[in-house]
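A.B. asks: how does the following fold in three dimensions:
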Amino acid sequence: MLEIEVKVPVKDLKALEQRLKRLGARDFGTSYQRDVYFAHPGRDFAVTDEALRLRVDNDLSLITYKGPKIDADTKTREELEVSVSSVEVMTQVLERLGFRPVLMVSKKRVVLGLRGLSVCLDTVEGLGDFVEFEYDDEDLAEGKRRIEELMGELHLKGNERRSYLELLLESQASKPTS
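C.D. replies: A predicted model of the protein is given here:
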């Protein structure tokens, strides 16, 4: 399954949420996500543009593999995800196999649905507010069309192709050390 995604930083999430609801967006609720990203013991995911993530999303736990980006305009990539019954045990399995935790990303996410898209309003600890438009399907052209159309209607421009993990790592690297 492909995840076709465009992410944009925003200044006023509440105002954006109200505009989306006026357009008919359905509210699918709020979640609090804690993502731990892991480094592979034999290859550099930063070089291969892959990610392995263990997520706790309210009461749900998932492990996700994200493949390299395959489109220059969006953050489209293969995404394989499965639920796990114990984050602690899954962490131990990964560590026994040589994976090591790299960084945790924490966020509050409000999920809305509109025109076959998931619209995620994210407040990311250490980064600020973003909106993510996601289309989960194999039809890249259709996903891009739907996302571009809704972004145009909302007068949103831009596309942050870096992941929250990449943004946080860059932010930490640019901080002066004492």
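A.B. asks: tell me the SS of residue 110?
C.D. replies: What DSSP: H, G, I helix; E, B strand; the rest coil gives for residue 110 is strand.
A.B. asks: that one contacts residue 130, correct?
C.D. replies: No. The pair residue 110 and residue 130 does not pass the contact test of Cβ atoms under 8 Å, sitting 11.4 Å apart. Using the backbone N, CA and C atoms, a C-beta is placed for each residue, glycine as well.
A.B. asks: okay, and the common contacts of the two?
C.D. replies: residue 121 (Cβ atoms under 8 Å, 6 or more residues apart in numbering).
A.B. asks: and the contacts of the strand or helix carrying residue 94?
C.D. replies: Per DSSP states H and E: residue 94 is located in helix 87-96. Residues outside helix 87-96 that contact it (Cβ under 8 Å, 6+ apart): 36, 38, 52, 54, 56, 61, 63, 84, 101.
A.B. asks: tell me the buried residues in it?
C.D. replies: Under the neighbour-count criterion of 16 or more other Cβ atoms under 10 Å, helix 87-96 has 87, 90-91, 94 buried.
A.B. asks: before we move on, what about stretch 146-166?
C.D. replies: Quick answer for stretch 146-166 (16+ other Cβ under 10 Å): 146-147, 150-151, 154, 156, 159-160, 163-166.
A.B. asks: ok, stretch 39-55 next?
C.D. replies: Of the residues in stretch 39-55, 39-40, 45, 50-55 count as buried by neighbour count, 16+ other Cβ under 10 Å.
A.B. asks: try stretch 64-78
C.D. replies: In stretch 64-78, counting by 16+ other Cβ under 10 Å, buried: 64, 66-67, 69, 74-77.
A.B. asks: and stretch 121-134, by the same measure?
C.D. replies: Applying 16+ other Cβ under 10 Å to stretch 121-134 flags 121-122, 124, 127, 129-134 as buried.
A.B. asks: export it as CSV, just CAs?
C.D. replies: Extracted in CSV, the C-alpha atoms of stretch 121-134 (Å, rounded to 0.1, in the frame of the first residue of the first chain):
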residue,chain,number,x,y,z
LEU,A,121,-3.8,18.3,12.4
ASP,A,122,-0.6,17.7,14.3
THR,A,123,1.0,19.5,17.3
VAL,A,124,4.5,18.0,17.4
GLU,A,125,6.6,18.4,20.6
GLY,A,126,9.6,20.5,19.8
LEU,A,127,8.5,21.4,16.2
GLY,A,128,5.1,23.1,16.3
ASP,A,129,1.9,22.7,14.2
PHE,A,130,1.5,21.0,10.9
VAL,A,131,-1.3,19.6,8.7
GLU,A,132,-0.8,16.3,6.8
PHE,A,133,-2.9,15.3,3.9
GLU,A,134,-2.8,11.6,3.3
